[in-house]
Structures are given as C-alpha cells and as structure tokens.
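Participant: Structure for this input, please:
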Amino acid sequence: MWTVWLVCGAVLFPGLFYTFRKLLKSRVTHWSDGDVVSVSERLVSACHASLATAAGVTVVTSCSDVMTDSHWLVNGFVVFGAPYMAYDIYAMYLTHFYTQRLRHDDGAHRSHSLQTVRSFLLKDWMLVLHHLTLLTVFLPIVLFFRRGLGDFFIGCLLTTEFSTPFISLGRILIQVNLIIIIVQYCTCLNHLTQYHLNKEDI
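Facilitator: Below is the predicted model:
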C-alpha cells in the first residue's frame with residue numbers, strides 16, 4: 001500500500017510543478033524564467049500544505065484518545081509527502097539558479113554547476129536541512145518506531161502547514177503585482193472613510 005502512496009506523491013508534485021511552469025510560461029509571456037519557476041514552486045507548496053492541513057485536521061478530529069487511537073491517513077500521508085520533500089529541494093534550487101542568473105551577468109550562473117549548487121546550499125541550508133531531516137529522521141520514526149502510538153500528535157504536526165498557503169499566496173501576489181495590494185488598501189481605506197463620514201452625518 002505504501003508503494004501506491006509513494007508513487008502518487010512522486011507523480012503529483014513534480015507533475016504539478018511542470019504543469020504550472022508550462023501554463024505560466026505560455027500565459028504570462030513577460031515573466032522571466034525565475035518568476036515562472038518561483039511562482040510554480042510556491043503554488044505546489046500551497047497545494048502540499050493544503051493537503052497536509054486537511055490530513056492533519058482529519059486525523060486530529062478522529063482521535064479521541066491522543067495516545068492509542070490510530071488513523072490510516074497518518075502513515076499514508078507521510079509516505080505520500082516524502083517525494084514532495086525531495087522535489088522541493090530541486091524546485092528551490094531552480095528558483096535560486098534562475099534568480100541568481102537574472103541578478104548576476106558574470107557568466108557564473110549561465111549553466112548548472114557545482115558552484116551554483118554550492119551557492120544554493122550556502123544560501124538555503126536551513127530549508128535543505130529541514131527537508132532532509134524530515135526525510136531521514138521524521139519519516140523512519142513515523143513509519144517504523146512509533147509502534148502505532150501517537151497518531152494524534154502526527155496530525156497536530158501536519159496542521160502546522162496551515163499558514164503555508166497564505167504565505168505562498170502573499171509572495172505570489174507580491175510577485176504578480178504590488179499594485180493589487182495598493183489598490184486593495186486604498187479601496188478599503190476609502191470605504192472606511194466613507195463609512196465614518198456617513199456615520200457622523202447620522
């Protein structure tokens with residue numbers, strides 16, 4: 001059964017990334033490769049976080065005993081999410097590569113090399129370490145060393161992804177156009193001012 005979950009995760013996340021890249025590149029032609037890769041990475045991150053949150057809430061609400069109650073979704077989702085961790089390291093590297101290539105015109109980032117990988121690892125070492133720790137420590141503990149206990153707490157850990165879609169959406173909105181945020185702010189300010197003026201007239 002774990003093989004099915006693993007294959008689904010290995011197909012879904014890179015597949016979404018590839019699809020988002022193709023769609024954005026064809027629809028938003030004025031964006032650079034860095035913009036396309038960055039937004040695609042964040043969209044996939046938001047999808048994964050939404051699924052993790054839904055799985056976490058499902059597990060937490062179904063467990064009445066926090067230690068002994070178990071839910072089939074815990075092991076399944078952890079295996080399903082493992083390919084995402086590996087994929088996301090690659091996607092973060094691509095984002096870094098294209099961003100650096102756009103910023104520096106010195107030829108060092110013209111093509112992939114050990115120098116570009118090293119530059120990425122030095123810049124994003126904490127995120128890479130986080131992903132590798134989830135793969136090499138968290139995954140084996142959940143699957144092999146828990147003896148079926150503590151599904152509730154794993155569900156709680158999954159719900160910590162709740163903020164990620166909003167963070168990703170915020171970064172995408174900034175990348176798409178800062179004017180949207182300014183227009184929303186001015187519109188809200190205008191409505192609040194009108195409300196207060198009308199309230200004073202009454």
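Participant: Can you list the neighbours in contact with stretch 30-43?
Facilitator: 16-17, 20-21, 24-25, 28, 88, 91-92, 94-95, 98-99, 101-102, 168-169, 171-172, 175-176 (C-beta atoms under 8 Å, 6 or more residues apart in numbering). Quick note: C-beta positions are derived from backbone N, CA and C, even for glycine.
Participant: Mind checking which of those residues are buried?
Facilitator: Among the contacts of stretch 30-43, the ones that count as buried by 16 or more other C-beta atoms under 10 Å are 16-17, 20-21, 24, 88, 91-92, 94-95, 98-99, 101, 168, 171.
Participant: Please name whichever of those residues scores lowest on pLDDT.
Facilitator: Within the set of the buried ones among the contacts of stretch 30-43, pLDDT is lowest for R171 (75).
Participant: Spatially nearest residue to that one (excluding sequence neighbours)?
Facilitator: R42 (5.7 Å; C-beta to C-beta, 6 or more residues apart in numbering).
Participant: Please identify which helix or strand holds that neighbour.
Facilitator: Assessed by DSSP states H and E, R42 sits inside helix 33-62.
Participant: Next, the buried residues of that helix.
Facilitator: 33-49, 51-56, 58-60.
Participant: before we move on, the earlier item: quick one: pLDDT of the residue nearest to R171?
Facilitator: R42 is given a pLDDT of 91.
Participant: Same question for the one 10 residues further on.
Facilitator: A52 carries a pLDDT score of 94 in this model.
Participant: what about this structure, any weak spots by pLDDT?
Facilitator: Along the chain, segments meeting pLDDT under 70 span 104-109, 173-182, 195-202.
Participant: tell me, what residue is most central in it?
Facilitator: S45 (2.0 Å; C-alpha atoms, centre = their mean).
Participant: Next, the contact list for that one, please.
Facilitator: Taking C-beta under 8 Å, 6+ apart as the test, what S45 contacts is 88, 164, 168.
Participant: Please report how far the first one lies from H131.
Facilitator: Pointing back at D88 there. D88 sits 6 Å away from H131, taking C-beta to C-beta, to the nearest Å as the criterion.
Participant: secondary structure element for T3?
Facilitator: helix 2-27.
Participant: can you give me the angle that helix makes with helix 33-62?
Facilitator: Orientation check (axes from the mean of the first three to the mean of the last three C-alpha atoms, to 10 degrees): helix 2-27 against helix 33-62 gives 140 degrees.
Participant: Run through the neighbouring helices and strands of helix 2-27.
Facilitator: With contacts defined as 3 or more C-beta pairs under 8 Å, 6 or more residues apart in numbering; DSSP states H and E, the packing partners of helix 2-27 are helix 33-62, helix 72-103.
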